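Novice: below are the sequence and a predicted model for it; my questions follow.
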2 protein chains.
Amino acid sequence: MSDTATAATPPAARRAGGRDGRRAMRGAPQISFPTLVREIPTYEILPDEAVELIHDESLKILEEVGCEFRDDQAPALWKKAGADVQGTRVRIDRGLLMSLISSAPPEFTLHARNPERTVQVGGRNQIFIPMYGAPYVRDLDNVRRYGSLADLNNFHRLAQMLPSLHSMSSICCEPMEIPVPKRHLHIINSALTYGDKPFMGIVTSKERAEDVMKMAGIVFGDSFVKDNTVVVSITNCNSPLVWDQTMLDAMRVYASHNQPIIAAPFALCGASTSASSVGAVAQVNAEALAGVAFTQLIRKGSPVIYGQFMVTVDMKSGAPMGGTPEAAQMMFVMGQLARKYNLPWRTSGFHVGSKLNDAQAGYEANMLMHAAILSGANYIWHVAGWLEAGLACGYSKFVTDAEQLVGWYKYAGGLKFSDFKEAMAAVREVGPGGHFLGTQHTLENFEKAFFMPSLMDFNSFEQWQAEGAKDHDTRGREKAKSLLAAYEKPKMDEGIAEGLADFIARRERELPTSIE
Amino acid sequence: MSDTATAATPPAARRAGGRDGRRAMRGAPQISFPTLVREIPTYEILPDEAVELIHDESLKILEEVGCEFRDDQAPALWKKAGADVQGTRVRIDRGLLMSLISSAPPEFTLHARNPERTVQVGGRNQIFIPMYGAPYVRDLDNVRRYGSLADLNNFHRLAQMLPSLHSMSSICCEPMEIPVPKRHLHIINSALTYGDKPFMGIVTSKERAEDVMKMAGIVFGDSFVKDNTVVVSITNCNSPLVWDQTMLDAMRVYASHNQPIIAAPFALCGASTSASSVGAVAQVNAEALAGVAFTQLIRKGSPVIYGQFMVTVDMKSGAPMGGTPEAAQMMFVMGQLARKYNLPWRTSGFHVGSKLNDAQAGYEANMLMHAAILSGANYIWHVAGWLEAGLACGYSKFVTDAEQLVGWYKYAGGLKFSDFKEAMAAVREVGPGGHFLGTQHTLENFEKAFFMPSLMDFNSFEQWQAEGAKDHDTRGREKAKSLLAAYEKPKMDEGIAEGLADFIARRERELPTSIE
């Protein structure tokens, strides 16, 4: 067995030393955990032959049905590579497909503008990224309303301060007051300036994706960006089996800059896939593989993240659900496939259907995160803030989730054997009927042995009542408020800050204020 | 791979036919799921050699430190069996211990008074048992107050009506208004008459345990009880390493009647064990094995359940925590040990520290249940109602938990391949850009393919708001109310009912109204 001595304490604690580490556990600002390196085995829900069967069906779909690449450039690229192309329908044989897949790197470094926040994607590495894409927020007074730039800045402040989060994400919520054509500038500016962790790109048009690359160039330096991975962007297949021009444009911009996109169908299982969990996996796998392969046509060897977002659909409302058993099961199978393909892969963690940060949210969230960790996912997204199937980003949910992630750090860090002998000596010292609170081993190990959250409440009932009998959601909002009050903006070189401001000012002038 | 065709729908649906099955899923009264047979692999968090190391340390504890059996009969029994006995300290060598352990049956049938509710314990079987032991309730108006017999009757009504629960438990809450010496009569009477599922015994004194066996004899018939398992009772080791007289008395009564006890230390890790997860497991394993072995001294071959209840202790309050990462990790290791010993084993599922049925409760609950399922636990206890580290049983939590269990049925039932071909045919039928809602496969499979809860809300925000914008806790209380309004008492033979009433009346006269 491996001695995972250091794993019971989040790695930040090791790196930064005991006291700093403990402060990090309590969520103090400006401490950040490095990449979580999983020290526990993955969970293989299916035997290998079942995984092979699904893989084979996915390949048959791409060979026999094919995938639409609805674009005036992609089909030609596919044809040149040897695929069977009829209009926008591309049928890819398994030899070509697997050859393209195999050229994607299994692991890469994702750089932050602060090198201490740089993380590793792929292999046994797992990183946590806040949510993305909410038009609404559930605010500090528990009111649901449209998101604003002030909210987005706040979520970026929180992302920066919460040590278990490895990324700023980008569009935690939409700054709805800013005209759509200019919105991306302010989103990326917020992600790049309110924190110094890795960030995510924009994919809604080719021009906006190019703006993202220019802003990254200003912050990281053009030559650095040319040789290094600095931004991850999401491209969603329109299930079933359609990659549309917007997504293909984004793929072209980012892959040609050697920056990874996530190729992830957003699958509403039962509506955009068949009503079968394994059927849905086979289809989503085909879609994701087609996307991954396309990035390798654009630029062979460019980093890419294989991915999935699979939720079942509520029969009554047609709405996406969240933490259901099938979502977890499908995640395990996708993990097995990702390992078969040796690709870094993305899933989502705390994405729930619940409107509130209530019991439903908690049940749903942990259903999914347990599966995300044990399925060995690398890029674990939507792990802070997500409510209402992604329609709202909640302040309380954001900090609640982030505290839970500290626990998941310890979970994935595995069981610690380094002090096993001392622990057994303590049993002999205490003997039957005693207690361990005063032993040397306990004094030395208690704090790092066990997860000690502060937002979850384990006080006596009387103490909890004396403190206002608050529910977890209320405590979460209070925590978010106090964190925001203590926020300090990370440093940025003045020249870079001016460069960013100038770029934004220029593009503000150039871009229209509304979509014609 | 096995074709787990039938596993995606809870077995009740199969047994009772499609329509009845779907009604069962919605929680209608008088439908009950049979034993859950796990169709997915267990999760082995540690390699075999690490499990062997822990096992070896446990055996060394029993050989070198020994275990206290604080009683005037147990040490003599151990001495006769060949253990090294000094006063009440019993040192058991590994040969003797493992020989005793090996005589316990790996699996047994737990009979209900309604044969349709009879379940299987051990092997791949998993059953769900409501909570036990709460002095307080969190009531239908969300008020926390002492439990009463009326509350206990209500929890037994709910246990009977909720199809995912396999047992009445017994003391869901304490009927605090009834004098302690007579309380057990009314607890057992409630469990035996308000439902017809298996039940749990009383262990607070030898006399009360004997009363339980007499009441079981009245209901099941003395000759049936002689040959069959009808009641499961809990005995807790006082960690570290003390089995006290009360527990030993209970073991003697039940084991001599061939009825299983659970031998489970109630371990507050960091206080009654060392501050080391693997150290705690090694100790708890020693304690549980000593208890299991003792039952085999009483009656060789009598059924027994190896068990654990392990939570970490909050540093601030000293209170037991609930769903923490260490609790999950330790559960996985206990599962590996139980399989090594080939013993049926117990853990707990939804036991949380949260005071309310809120987000904390949800996060905690699913942290534990995920581990309970994947660790292959057989007797999964405290899966309905548990709040406040067991101090309160909540009405809303009770029904919330029970709905979640329906999802866990589907989860543990595994992925279904029986209609995989039809699902892939549907992909060909629909093709790129279509949708699956109208396909024959979807119409035939949607409802049984995916978990469709009714208490969790996946409506549109607008619909949810129109329905009162209720949180999950509120919906839970409403569901509990409506279930209770629809309750119908299961039939009981008149002669049996009279026999029970006569026995209770007689014992009421014989027993004192207070403890002297």
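Specialist: Yep, it's here.

Novice: the closest residue to chain B within the stretch 251-400 of chain A: neighbour count?
Specialist: Per CB to the nearest CB, A:Gly362 is where the stretch 251-400 of chain A lies closest to chain B, at 2.1 Å. Every C-beta, even on glycine, is put in place using the N, C-alpha and C of the backbone. A:Gly362 sits with 34 neighbouring residues when counted by other CB atoms under 10 Å in any protein chain shown.

Novice: in the stretch 51-200 of chain A, what residue lies closest to chain B?
Specialist: The nearest approach of the stretch 51-200 of chain A to chain B comes at A:Glu68, 4.2 Å away (CB to the nearest CB).

Novice: what are the pairing partners of the strand or helix carrying that residue, and which direction each?
Specialist: Element membership for A:Glu68 (DSSP states H and E) is strand A:67-70. Strand A:67-70 has these partner strands in its sheet, going by DSSP bridges: strand A:89-91 (antiparallel), strand A:242-244 (parallel).

Novice: tell me the helix or strand right after the first one.
Specialist: Tracing the chain C-terminally past strand A:89-91 and defining elements by DSSP H and E, one meets helix A:94-102 next.

Novice: where does pLDDT dip in chain A?
Specialist: A:1-30, A:516 (pLDDT under 70).

Novice: can you pull out the helices in the stretch 101-250 of chain A?
Specialist: Along the stretch 101-250 of chain A, the stretches classed as helices by DSSP state H, counting those that start in this stretch are A:149-161, A:180-193, A:206-220, A:222-227, A:245-256.

Novice: same question for the stretch 351-500 of chain A.
Specialist: Per DSSP H, counting those that start in this stretch, the stretch 351-500 of chain A carries helices over the ranges A:359-374, A:395-413, A:420-430, A:440-449, A:461-466, A:472-486, A:494-510.

Novice: what does the stretch 151-300 of chain A put close to chain B?
Specialist: A:238, A:240-242, A:269-280, A:282-283 (CB under 8 Å from any CB of the partner chain).

Novice: kindly recompute the last result at 7 Å.
Specialist: Counting by CB under 7 Å from any CB of the partner chain, the positions of the stretch 151-300 of chain A adjacent to chain B are A:240-242, A:270-279, A:282-283.

Novice: looking at these, which are in helices?
Specialist: With DSSP state H as the criterion, helices contain A:Ser277, A:Val278, A:Gly279, A:Ala282, A:Gln283 from among these.

Novice: of the residues you listed, which is the nearest to A:Ala209?
Specialist: Closest approach between those and A:Ala209, by CB to CB: A:Gln283, at 26.9 Å.

Novice: contacts only, for that closest one.
Specialist: Residues near A:Gln283 by CB atoms under 7 Å, 6 or more residues apart in numbering or on different chains: A:Ile61, A:Ser239, A:Pro240, A:Thr273, B:Val427.

Novice: secondary structure element for the closest residue to the first one other than its chain neighbours?
Specialist: If the residues on either side of it in the chain are set aside, A:Ile61 comes closest to A:Ala286, at 4.3 Å by CB to CB, 6 or more residues apart in numbering or on different chains. Taking DSSP H and E as the criterion, A:Ala286 maps to helix A:277-298.

Novice: okay, which residue is most central for chain A?
Specialist: A:Trp381 (1.8 Å; CA atoms, centre = their mean).

Novice: find the nearest non-adjacent residue to it, please.
Specialist: Spatially, and ignoring its direct neighbours in sequence, A:Trp381 is nearest to A:Ile129 (4.6 Å; CB to CB, 6+ apart).

Novice: how close does that neighbour get to A:Leu96?
Specialist: 32 Å (CB to CB, to the nearest Å).

Novice: again with A:Ala365
Specialist: Relative to A:Leu96, A:Ala365 is positioned 40 Å away (criterion: CB to CB).

Novice: between the two, which one's more packed in?
Specialist: A:Ala365 (28 against 18).

Novice: who's in contact with the closest residue to the more buried one other than its chain neighbours?
Specialist: Using CB to CB, 6+ apart and skipping the chain neighbours, the partner closest in space to A:Ala365 is A:Phe350 (4.1 Å). Taking CB under 7 Å, 6+ apart, we find A:Phe350 in contact with A:Ala365, A:Leu368, A:Met369, A:His382, A:Val383, A:Trp386, A:Asp401.

Novice: cool, and A:Phe451?
Specialist: Applying CB under 7 Å, 6+ apart, we find A:Phe451 in contact with A:Val406, A:Gly407, A:Lys410, B:Thr324, B:Pro325, B:Glu326.

Novice: quick one: which of those residues is nearest B:Glu510?
Specialist: The nearest member of those to B:Glu510, counting by CB to CB, is B:Thr324 at 45.7 Å.

Novice: in this structure that closest one contacts B:Thr312, no?
Specialist: Yes: here B:Thr324 reaches B:Thr312: they are 5.4 Å apart, a contact under CB atoms under 7 Å.

Novice: are there residues contacting both of these two? Which ones?
Specialist: Among the neighbours of B:Thr324, those also in contact with B:Thr312 (CB under 7 Å, 6+ apart) are A:Phe450.

Novice: of the two, which one has the most company?
Specialist: Each of B:Thr324 and B:Thr312 has its neighbours counted (other CB under 10 Å); B:Thr312 has more, 29 against 26.

Novice: buried residues in the host helix or strand of that one?
Specialist: If you go by DSSP H and E, B:Thr312 is part of strand B:309-312. By neighbour count with 16 or more other CB atoms under 10 Å in any protein chain shown, strand B:309-312 contains the buried residues B:Phe309, B:Met310, B:Val311, B:Thr312.

Novice: quick one, what contacts the last one?
Specialist: With contact set as CB under 7 Å, 6+ apart, B:Thr312 has these partners: A:Phe450, B:Cys269, B:Gly270, B:Met321, B:Thr324, B:Glu326, B:Ala327.

Novice: for A:Leu500, see how far away A:Glu494 is.
Specialist: Separation of A:Glu494 from A:Leu500 (CB to CB): 11 Å.

Novice: neighbour count: those two, which is higher?
Specialist: Comparing A:Glu494 with A:Leu500 by other CB under 10 Å, the one with more neighbours is A:Leu500, at 20 against 8.

Novice: nearest spatial neighbour of the more buried one, skipping sequence neighbours?
Specialist: With CB to CB, 6+ apart as the criterion, A:Leu500 has its nearest non-adjacent residue at 5.4 Å, and that residue is A:Ile218.

Novice: ok, how many other residues are close to that neighbour?
Specialist: Residues near A:Ile218, counting by other CB under 10 Å, number 20.

Novice: which ones are touching it?
Specialist: Taking CB under 7 Å, 6+ apart, we find A:Ile218 in contact with A:Ile496, A:Gly499, A:Leu500, A:Phe503.

Novice: mind listing what the first one touches?
Specialist: In other words, A:Ile496. Taking CB under 7 Å, 6+ apart, one finds A:Ile218, A:Val219 in contact with A:Ile496.

Novice: how about 6 Å then?
Specialist: Shown in contact with A:Ile496 (CB atoms under 6 Å, 6 or more residues apart in numbering or on different chains): A:Val219.
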